[in-house]
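Trainee: One predicted model, sequence on top.
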Amino acid sequence: MLALKASFPLPLLLAAAGLPRSTFFYRQAALRAPDRHAELRMQVHEVFTDTKGRYGHRRIHAVLIRRGWQVARKTVLKLMRQENLFCRVRTRRKYSSYKGQVGKIADNLLKREFNAEAPNTKWVTDVTEFKVADSKVYLSPVLDLFDRSIISYSVSESPSVAFTNKSLIEAIGTLAPGEAPMMHSDQGFQYQHASWQKLLSDAEMPQSMSRKGNCLDNSMMENFFGHLKEEMFHRQEFTNTDGFLTELDDYIRWYNTDRISLTLQCLSPMEYRAQALAA
């Protein structure tokens, strides 16, 4: 209407649009007024860019609060929508390591009790698959349920027993004398293997397994894979495994040290652990 105002009488335009005169002048004044959220808008853009578009409005709001801003979460959501800043929804993984019963099946000791009162008391693990160029890459991380941190991880082009054993050996190597966390997994063939179970037995670590066909029994590991794939893997095109592995290493470092979690009092896993141990 503002563009047509120079060519047509205002009363005629208002009548055609069915718009009251007072409303027109109110909107016109609002357009000329300075943006009272200009600085906040810049901060939202900065956080979104720094996190490579991985944060939605809840985490961006948490970061702003940590920076000293007093702002409502709905305001952050409104500004993100105005600026077309959207965090993608995660997709489910498809890889399954279940090959039937090929070894000993352990009881489900974890029983979906995903909270831990101290570090190194409950660990979970699983394997996920990535398709990179013409290759497949497999990841086997070990996650501590106390702070959701990744204790160790291994990468391979084959989901072999040796590949999963490697991440377990590295994780066991971080334990202090007397620490023997429960290790929970699904019923993948790697975890039924005698070599995996011997590593746990030698470390005096109880073994726990999800029930057959119950992915929710290991949902914390599924949750990590979802974040990893949507926040890193699906956001860029990888033409070779070297580039993918570099980004994977960088993401896991960022996840442990910088990525805030709403369930960890808006702290990163390492911040949460340091704060708990200092208390």
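Mentor: That came through, no problem. Residues are numbered from 1 along each chain as shown.
Trainee: so who does the closest residue to residue 163 other than its chain neighbours touch?
Mentor: Take residue 163 and drop its neighbours on the chain: the residue closest to it by CB to CB, 6 or more residues apart in numbering is residue 156, 3.9 Å away. Bear in mind the C-beta positions are built from the backbone N, C-alpha and C, glycine included. Contacts here follow CB atoms under 8 Å, 6 or more residues apart in numbering; on that basis residue 156 touches 137-138, 140, 163.
Trainee: and what of residue 73?
Mentor: 57-58, 61 are the contacts of residue 73 under CB under 8 Å, 6+ apart.
Trainee: between those residues, which is closest to residue 36?
Mentor: For the contacts of residue 73, the closest approach to residue 36 (CB to CB) belongs to residue 61, at 17.9 Å.
Trainee: Wait, a helix at that closest one?
Mentor: Yes: counting by DSSP: H, G, I helix; E, B strand; the rest coil, residue 61 is part of a helix.
Trainee: And the helix or strand hosting residue 48, what does it pack against?
Mentor: According to DSSP states H and E, residue 48 maps onto helix 38-50. Helices and strands touching helix 38-50, as assessed by 3 or more CB pairs under 8 Å, 6 or more residues apart in numbering; DSSP states H and E, comprise helix 57-66, helix 73-82.
Trainee: Highest mean neighbour count out of those helices?
Mentor: Ranked by mean neighbour count under mean count of other CB atoms under 10 Å, these are led by helix 57-66, which reaches a mean of 19.
Trainee: Let me know the angle separating that one from helix 38-50.
Mentor: Between helix 57-66 and helix 38-50, the angle comes out at 120 degrees (axes from the mean of the first three to the mean of the last three CA atoms, to 10 degrees).
Trainee: Report the separation between the two terminal residues of stretch 46-57.
Mentor: 13 Å (CA to CA, to the nearest Å).
Trainee: Tell me the buried residues in it?
Mentor: Neighbour counts over stretch 46-57 (16 or more other CB atoms under 10 Å) mark 47-48, 51, 54-57 as buried.
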